[in-house]
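Asks: Attaching a predicted model along with its sequence, questions to come.
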Amino acid sequence: MTQHTSQDKVYFPNLNGLRAIGAFTVLFSHFYFLRIMWGFQAKQWFPIPGKVGVALFFALSGFLITSLLFRELDKTSTIRLKDFYIRRILRIWPLYYLIVLLGLLVFNRIPALKIPVLSDRMIQDMNWINLINVLLIIPNFTHFYIPYTDQRWSIIVEELFYFIQPMLVRTFRNKYVLICCFCAIVFSSELFGGLIRLLHLDRHLSANVTGAILGQLGYLGCIAVGCIFSALYKKRADFCKKYLFSRWTQIGIVLLLLVCFYISYVQKNELYFDLRWYSSLFAIVVLNAALNPATIYRLEHPVLNYLGKISYGIYMYHMFCLGIAFVVARALTANPWIQNPIFFVLSIGLTIGVSALSFKYLEAFFLGLKKHPVARSQPQSEIAYRAK
């Protein structure tokens, strides 16, 4: 349910809670991932893949930013693209460039924190083409890998999507046409793949380039799913309230997610189900959490709200904190029964602590630079997550 204050501020409840869940899903899944990178045997104990947490962020981000753009359109009859991009830059770029610099210049050059093979390979592969690719926040078609900064891939996806999305919302005022545009993005990987086969472009494009493009389009489709549900509610609120707000629909979505998690875990394949499928389920969760007064997804709690508020930092810093925690835990003891709990607790504590400090002393400064009236009319905690 959207709540309004005397300053006509808009706040979508439960979304910070969903952000917190998405951030910790990624964090927990990477306990296993980091140990494998260090060359240690590790069993994947957490049943939800990290990319599923990112799919939640994508669906939430697409829904929320589209809803806010609709609101701006209703109030001003236009969307100020320059102001939109400035708000995105102030929210996303400071942490993005900070983790890139930490990865390039600090963590992968400290002997104790170097990831075996990967850190040295990063230094060997560092050239102007790869650096420009990273600094311009464009898709990583050169496959230049910076250990501890793997999470930046989703930031690149979001920035690419939000370069074109506000133009679509401003141009296509007919919601059905807009939904069709977003649907085209959802299935763009299939459309592009069909075009390649039809025109025999596979003769001229390498398999690596084609695979990278198709993967990127699939990720963009995850965000577009959230946009579709925002536009659907805007155009057909009665339909959403009758069918999507049903208690049975909400329960069914939870059961479907649990079944998908279980099957993926048993199959040991995090992409056993397409991420766009997960985004579709999550988009219904987000829609209910934000706008359904009778939702079963009640996540309004001070702790969850705070963790959701700093979730961008949690997502961006967690790999660095995992690395430090692992090095400390391994230095303290070789006994895995003691080492693992130390690693687990220290990782969570460091990630939350660093993210809290970052939000207070770094992110809040840039958030305070947002001068656009629409930006001021929405709480900082509501501005779409990225990330991550």
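Replies: Noted; the coordinates are in hand. Numbering: from 1, shown residues only.
Asks: Run through the strands of the protein in chain order.
Replies: Using DSSP state E, the strands of the chain run over 3-4, 10-11.
Asks: With respect to these, which exhibits the lowest mean confidence?
Replies: By mean pLDDT, the lowest-scoring of these turns out to be strand 3-4, with a mean of 46.
Asks: Quick check, F192 in contact with I213.
Replies: Yes - applying Cβ atoms under 8 Å as the test, F192 and I213 come out as touching, 6.6 Å apart. Yep, even glycine has a C-beta here, placed from its N, CA and C like the rest.
Asks: For I338, which residues are in contact?
Replies: L332 (Cβ atoms under 8 Å, 6 or more residues apart in numbering).
Asks: Then the one 4 residues further on?
Replies: Taking Cβ under 8 Å, 6+ apart, we find I342 in contact with A325, V328, A329, L332, T333.
Asks: are any of these buried, and which?
Replies: With burial judged by 16 or more other Cβ atoms under 10 Å, the buried subset of the contacts of I342 is A325, V328, A329.
Asks: Next one: the first one from L367, what distance?
Replies: The one in question is A325. Remark: distance between A325 and L367 (Cβ to Cβ, to the nearest Å) = 28 Å.
Asks: Could you do L217 as well?
Replies: Distance of L217 to L367, computed by Cβ to Cβ: 31 Å.
Asks: swap in I352?
Replies: Distance, I352 to L367, by Cβ to Cβ: 19 Å.
Asks: who has more neighbours, the two?
Replies: Higher neighbour count among I352 and L367: I352, with 21 against 17, using other Cβ atoms under 10 Å.
Asks: tell me the contacts of that one?
Replies: Applying Cβ under 8 Å, 6+ apart to I352 gives the contacts L307, I310, I314.
Asks: wait, what's in contact with the second one?
Replies: Read it as I310. Applying Cβ under 8 Å, 6+ apart to I310 gives the contacts I352, S355, A356, S358, F359.
Asks: Dump the contacts of I352 into TSV; add pLDDT as well.
Replies: As requested, the contacts of I352 are exported to TSV (pLDDT from 0 to 100):
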residue	pLDDT
L307	97
I310	97
I314	98
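Asks: which one of these is nearest A55?
Replies: Taking Cβ to Cβ as the measure, A55 lies nearest I314 of those, at 16.8 Å.
Asks: Which of the contacts of I310 sits closest to L68?
Replies: Distance to L68 across the contacts of I310 (Cβ to Cβ) is lowest for F359, with 20.4 Å.
Asks: Tell me if I'm right that the closest one and G313 touch.
Replies: Yes - if you go by Cβ under 8 Å, F359 and G313 touch, sitting 5.6 Å apart.
Asks: of those two, who's got more company?
Replies: Using other Cβ under 10 Å as the criterion, F359 and G313 rank with G313 on top: 24 against 20.
Asks: was I right about the more buried one contacting P94?
Replies: No - the criterion here is Cβ under 8 Å, and G313 misses it with P94 at 10.6 Å.
Asks: overlap in contacts of those two?
Replies: By Cβ under 8 Å, 6+ apart, G313 and P94 have these common neighbours: E363.
Asks: outside of stretch 317-328, which residues touch it?
Replies: Here stretch 317-328 makes contact (Cβ under 8 Å, 6+ apart) with 23, 26-27, 30-31, 34-35, 38, 99, 102, 107, 112-113, 115, 148-151, 342-343, 346-347, 350-351, 354-355, 358.
Asks: So which of those residues belong to helices?
Replies: Members of the contacts of stretch 317-328 lying in helices (criterion: DSSP state H): 23, 26-27, 30-31, 34-35, 99, 102, 342-343, 346-347, 350-351, 354-355, 358.
Asks: quick one: pLDDT of K371?
Replies: Looking at K371, the pLDDT reads 56.
Asks: wait, doesn't C222 sit right on L275?
Replies: Yes - between C222 and L275 there is a contact at 5.3 Å, judged by Cβ under 8 Å.
Asks: Those two: which is more packed in?
Replies: Using other Cβ under 10 Å as the criterion, C222 and L275 rank with C222 on top: 32 against 23.
Asks: which residues sit in contact with the more buried one?
Replies: A55, F58, A59, G62, L275, R276, Y278, S279.
Asks: which residues touch Y219?
Replies: So Y219 contacts F58, S154, V157, L275 (Cβ under 8 Å, 6+ apart).
Asks: circling back to that earlier point, filter the contacts of I342 down to the ones in helices?
Replies: Using DSSP H, the members of the contacts of I342 that fall in helices are A325, V328, A329, L332.
Asks: Export those residues to a markdown table and append columns for pLDDT and distance to K75.
Replies: A markdown table is the format used below for the ones in helices among the contacts of I342 (pLDDT from 0 to 100; distance: Cβ to Cβ, whole Å):
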| residue | pLDDT | distance to K75 |
| --- | --- | --- |
| A325 | 95 | 46 |
| V328 | 95 | 51 |
| A329 | 93 | 52 |
| L332 | 95 | 56 |
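Asks: wait, which of the residues you listed is closest to V186?
Replies: Nearest to V186 among the ones in helices among the contacts of I342: A325, at 37.9 Å, using Cβ to Cβ.
Asks: what about that closest one, distance to F107?
Replies: A325 sits 13 Å away from F107, going by Cβ to Cβ.
Asks: all helices in the stretch 251-388 of the chain, in order from the N-terminus.
Replies: Using DSSP state H, counting those that start in this stretch, the helices of the stretch 251-388 of the chain run over 275-291, 302-309, 311-332, 336-358, 364-367, 373-376.
Asks: nope, the stretch 1-150 of the chain is what I meant
Replies: Ranges of helices in the stretch 1-150 of the chain, per DSSP H, counting those that start in this stretch, are 15-37, 50-76, 81-105, 118-125, 128-135.
Asks: most neighbours per residue, which of those helices?
Replies: When you average the neighbours per residue for each of the helices of the stretch 1-150 of the chain (mean count of other Cβ atoms under 10 Å), helix 50-76 leads with a mean of 24.
Asks: Does anything pack onto that helix? Which helices or strands?
Replies: helix 15-37, helix 152-171, helix 207-235, helix 275-291, helix 373-376 (3 or more Cβ pairs under 8 Å, 6 or more residues apart in numbering; DSSP states H and E).
Asks: Great, nothing more from me.
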